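S.K.: Sequence and predicted structure are below.
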Amino acid sequence: MRWAVLSLVATVVLGACSVAPPPTAQPPAATGAAAWENLSPEQAARNFTTVVRAVEPVAERECRRRAPRLNCDFLIAVDPNPREQPNAFQSEDSQGRPVLTFTVSLIGSVRNADEMAFVIGHEAAHHVANHLERQRLNAATGALVFGNLATLTGGAAADVATAQELGAAVGARAYSKEFELEADELGTVITYRAGFDPLVGAEFFMRIPDPGDRFLGSHPPNASRIETVRRTMRALGG
């Protein structure tokens, strides 16, 4: 298994990792509500790398089991720009390899290894559930529908193009909240099987602004996300 991490101070390519921790093993990273507070960038980088080593093999196993046709060789990256807002996102490189990117400020905002593991598991789950492709299809469908409506109502070429752009945006957002909850559910499984506590990890959501239940909002209410984690943990017996 190959994986790379852009460190907080430099680009580092880590070597092969052939031994994965057992599903119930506790990772060596420190846990606890304040374990990651007031860390130096170097300490945060070491802790992040430790959590990645525990979570990534589990995410890849879940990916191969649930979506064997997908590329399950995750690349974990850190955006070292300190001015970037706290963020984590899933993308693909030019070869179709899944890339999970985390900003330095996000790593600095988590309070413990459980929260970091949950964020990693959540982003990995987006890939396993094929959310990028599903979002592209939804956007294409929205663009087609809105473009056809503009054509039928006699819109000019510019009007049709504008309608297609609007339709793509609406289509991409149509199921985004459902995608987030799906990623929370599978992210809970990945986090738990990597030896971390998803219930502690999900406390990360209690400190971010609650988006509420807005129409075409990109994220579901925080309470819905927490309940998804709790329900999944009950199913896991945790």
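M.R.: That came through fine.

S.K.: C-alpha from now on. contacts and neighbour counts both.
M.R.: Will do.

S.K.: for stretch 196-216, what is the average pLDDT?
M.R.: Average pLDDT, stretch 196-216: 74.

S.K.: and what of stretch 121-130?
M.R.: For stretch 121-130, the mean confidence score works out to 94.

S.K.: ok, and what's touching that stretch?
M.R.: The contact list for stretch 121-130, computed with Cα atoms under 8 Å, 6 or more residues apart in numbering, reads 55, 59, 62-63, 66-67, 70, 72, 74, 88-90, 98, 100, 132, 179-180, 182-184, 186-188, 190-191.

S.K.: For stretch 37-56, list every residue counted as buried.
M.R.: A44, A45, N47, F48, T49, T50, V51, V52, R53, A54, V55, E56 (16 or more other Cα atoms under 10 Å).

S.K.: which ones among the residues you listed are found in helices?
M.R.: Among these, the members falling in helices (DSSP state H) are A44, A45, N47, F48, T49, T50, V51, V52, R53, A54, V55, E56.

S.K.: what about F205, how many neighbours?
M.R.: 16 (other Cα atoms under 10 Å).

S.K.: Contact partners for it?
M.R.: F205 neighbours (Cα under 8 Å, 6+ apart): N222, R225, I226.

S.K.: could you redo the last one with a cut-off of 10 Å?
M.R.: Contact analysis of F205 by Cα atoms under 10 Å, 6 or more residues apart in numbering lists E115, V119, P221, N222, A223, R225, I226.

S.K.: And for V104?
M.R.: V104 touches 7-8, 41, 44-45, 78-88, counting by Cα under 10 Å, 6+ apart.
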